[in-house]
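*Asks:* I would like the atomic coordinates for the input below:
(4 chains)
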Amino acid sequence: MTGPKAQHAPIRVLLFARYAELLGTNVLEVHLSPGATVGDVLDRVREFPGGDAIGGSTLVALNHRQVGRGAPVGSGDEVAILPPLAGG
Amino acid sequence: MTGPKAQHAPIRVLLFARYAELLGTNVLEVHLSPGATVGDVLDRVREFPGGDAIGGSTLVALNHRQVGRGAPVGSGDEVAILPPLAGG
Amino acid sequence: MMVLTRVPIDLAPLVEEVAAARRGGIATFIGLVRNHHEGREVVSLDYSAYEPMAEAVCAEIVAEAEERWPVKVAVRHRLGALAIGDAAVAIAAAGDHREEAFAACRYAIEELKRRVPIWKRERYADGTEGWVEGQGVGSREEERGVPQ
Amino acid sequence: MMVLTRVPIDLAPLVEEVAAARRGGIATFIGLVRNHHEGREVVSLDYSAYEPMAEAVCAEIVAEAEERWPVKVAVRHRLGALAIGDAAVAIAAAGDHREEAFAACRYAIEELKRRVPIWKRERYADGTEGWVEGQGVGSREEERGVPQ
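*Replies:* Residues are numbered from 1 along each chain as shown, chains lettered A, B, ... in the order given. This next block holds a predicted model:
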């Protein structure tokens, strides 16, 4: 029942501020196997040109909520990689 | 050199809020002997009708500055007897 | 700028008075006339002051705050008849950073309540009136602690 | 009410939003664009946000403050190009008494700076530009302390 497409669910990754500048885009799409986590998304994004600037402690949000590296991600999820915040 | 008039220097006493209401006036004039203190002014004011309501810990100002009971007063001084404050 | 005013207090001119290009944070406090006090329904009130002393003490408090922190502070206090919801007092404190702005604003309102000769007479829904004896120096709560 | 806005922030509507007849004290905070940062002269800046998350986190912070203290809180944060002296953020907190108004206002600005996904790019007098890495979660200062 599970074909090759299901094994490579597309996940939308948003980049902001310094990270958007370094990677030259505000949005990426990554394909990961079922069971993938936020940590896997980060690892994949770090492979893009400029992605190695994303620090190990970078804040990540999954569908608008802060999550840890272990949070599972799947098709349709929106992962946001957030550089150090500077509001206020 | 010092006549009877100098021994009875007039001191202007201002009353506010509850005290003005109790004594029926905003201002009194009291005459005291040279060497009199704020404490003497308070004792004299307490002799006026309604004056016994002025509490022992009442705040007193001499020429716009808070002072203790021992501060000397003389002719031309303005003594203000201040009920509990309620600004703000 | 005079502290005491008989017209409604607007916060905007106070904020402008303290703002400056190098200041990053402004903390303000507005004290409003409440519709209740110690369980009684308040309908309006009157503030009166020993005016020259109140101006002098407020200027002193502002100077103290500005000496203690790198801030600029502005204060207004209304006198006369006030309705529920009217601003009785407003304070603005601007500093380079929010820590000192908050600290100076808080200092100013606490000292104002403690030291400035202003009195408040409330009118209640049942038709009675009464002087409010607040938390200032000389209040009943403090009577035992004040040296004679 | 939306938190994020691209038009100048006016404090008055925030104060109105939180005021009510039984509330006696309103504490506010305004964060302004400063003309200097870490020794460099700033001429203007741009704020950007992860907008839906920023709205959600601000709503969460307001709800936390209103649960922790008996207060009503309102928040605005500006986005886009700002000039020196413009208000970047404004917070108003109204409570029965000033203690809770100050505490809630302070809580809201601290949490906003720590948790809301907003970024700031400064333009300096020497023609260069730079991202400001503030005190929020994920900032360089905190990197060592954040669990992986």
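*Asks:* quick one: contacts of stretch A:39-53?
*Replies:* If you take C-beta atoms under 8 Å, 6 or more residues apart in numbering or on different chains as the criterion, stretch A:39-53 is touched by A:11, A:13, A:15, A:18-19, A:22-24, A:28, A:30, A:32, A:54, A:58, A:60, A:69-70, A:73, A:79, A:81. Glycine gets a C-beta too; all of them are placed from N, C-alpha and C.
*Asks:* once you drop chain neighbours, what's closest to the residue of chain A found nearest chain C?
*Replies:* Closest residue of chain A to chain C, C-beta to the nearest C-beta: A:G88 (8.4 Å). With C-beta to C-beta, 6 or more residues apart in numbering or on different chains as the criterion, A:G88 has its nearest non-adjacent residue at 4.1 Å, and that residue is D:K113.
*Asks:* which helices and strands does whichever helix or strand the one you found is part of pack with?
*Replies:* If you go by DSSP states H and E, D:K113 is part of helix D:98-115. Helix D:98-115 sits against strand C:25-32, helix C:98-115, strand D:25-32, helix D:51-68, strand D:71-78, strand D:87-95, with contacts defined as 3 or more C-beta pairs under 8 Å, 6 or more residues apart in numbering or on different chains; DSSP states H and E.
*Asks:* and with 7 Å instead?
*Replies:* Using 3 or more C-beta pairs under 7 Å, 6 or more residues apart in numbering or on different chains; DSSP states H and E, the elements in contact with helix D:98-115 are helix C:98-115, strand D:25-32, helix D:51-68, strand D:71-78, strand D:87-95.
*Asks:* contact partners of the first one?
*Replies:* Just to be clear, that refers to helix C:98-115. By C-beta atoms under 7 Å, 6 or more residues apart in numbering or on different chains, the residues outside helix C:98-115 that reach it are B:87-88, C:25-29, C:57-58, C:61-62, C:65, C:69-71, C:73, C:75, C:89, C:91, C:93-95, C:134-137, D:29, D:98, D:102, D:106, D:109.
*Asks:* from these, list just the buried residues.
*Replies:* B:87-88, C:25-29, C:57-58, C:61-62, C:65, C:69, C:71, C:73, C:75, C:89, C:91, C:93-95, C:134, C:136-137, D:29, D:98, D:102, D:106, D:109 (16 or more other C-beta atoms under 10 Å in any protein chain shown).
*Asks:* can you list the weak-confidence ranges in chain A?
*Replies:* Across chain A, the ranges flagged by pLDDT under 70 are A:1-9.
*Asks:* hmm, which of the contacts of stretch A:39-53 are the buried ones?
*Replies:* A:11, A:13, A:15, A:18-19, A:22-23, A:28, A:30, A:32, A:54, A:58, A:60, A:69, A:73, A:79, A:81.
*Asks:* for chain A, what's the longest helix?
*Replies:* In chain A, taking DSSP state H as the definition, the longest helix is helix A:38-46.
*Asks:* and that helix, which residues are buried?
*Replies:* Neighbour counts over helix A:38-46 (16+ other C-beta under 10 Å) mark A:V38, A:D40, A:V41, A:L42, A:D43, A:R44, A:V45, A:R46 as buried.
*Asks:* C-terminal to it, which secondary structure element comes first?
*Replies:* Immediately after helix A:38-46, counting by DSSP H and E, sits strand A:59-62.
*Asks:* what's the first helix or strand after that following strand?
*Replies:* Note on strand A:59-62: by DSSP H and E, the next helix or strand toward the C-terminus is strand A:65-67.
*Asks:* what pairs with the helix or strand just after that next one, parallel or antiparallel?
*Replies:* Per DSSP H and E, the first helix or strand lying C-terminal to strand A:65-67 is strand A:78-82. Here strand A:78-82 has these sheet partners by DSSP bridges: strand A:9-15 (parallel), strand A:59-62 (antiparallel).
*Asks:* now those strands in JSON lines, with distance to D:I84?
*Replies:* As requested, the strands paired with strand A:78-82 are exported to JSON lines (distance: least, C-beta to C-beta, whole Å):
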{"stretch": "strand A:9-15", "distance to D:I84": "29"}
{"stretch": "strand A:59-62", "distance to D:I84": "29"}
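*Asks:* so for C:D46, which of the ones you listed sits nearest?
*Replies:* strand A:59-62 (53.9 Å; C-beta to C-beta).
*Asks:* any idea which helix or strand of chain C has the worst average confidence?
*Replies:* The weakest-scoring helix or strand in chain C, judged by mean pLDDT, DSSP states H and E, is strand C:36-37 (a mean of 89).
*Asks:* which secondary structure elements does that strand contact?
*Replies:* Strand C:36-37 packs on no helix or strand, going by 3+ C-beta pairs under 7 Å, 6+ apart.
*Asks:* and the residue of chain A closest to chain B?
*Replies:* Counting by C-beta to the nearest C-beta, chain A gets nearest chain B through A:G88, at 28.5 Å.
*Asks:* that residue touches D:I91, doesn't it?
*Replies:* No. Using C-beta atoms under 7 Å, A:G88 makes no contact with D:I91, being 9.2 Å away.
*Asks:* got the buried residues for stretch A:70-78?
*Replies:* Under 16+ other C-beta under 10 Å, the buried positions of stretch A:70-78 are A:A71, A:V73, A:D77, A:E78.
*Asks:* could I get those in a markdown table, plus columns for distance to C:A19?
*Replies:* Putting the buried residues of stretch A:70-78 into a markdown table (distance: C-beta to C-beta, whole Å) gives the following:
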| residue | distance to C:A19 |
| --- | --- |
| A:A71 | 43 |
| A:V73 | 46 |
| A:D77 | 44 |
| A:E78 | 39 |
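*Asks:* return the residues in contact with C:L4.
*Replies:* C:A49, C:E51, C:A54, C:E55, C:H77, C:L79.
*Asks:* hmm, 6 Å instead?
*Replies:* The contact partners of C:L4, by C-beta atoms under 6 Å, 6 or more residues apart in numbering or on different chains, come to C:E51, C:H77, C:L79.
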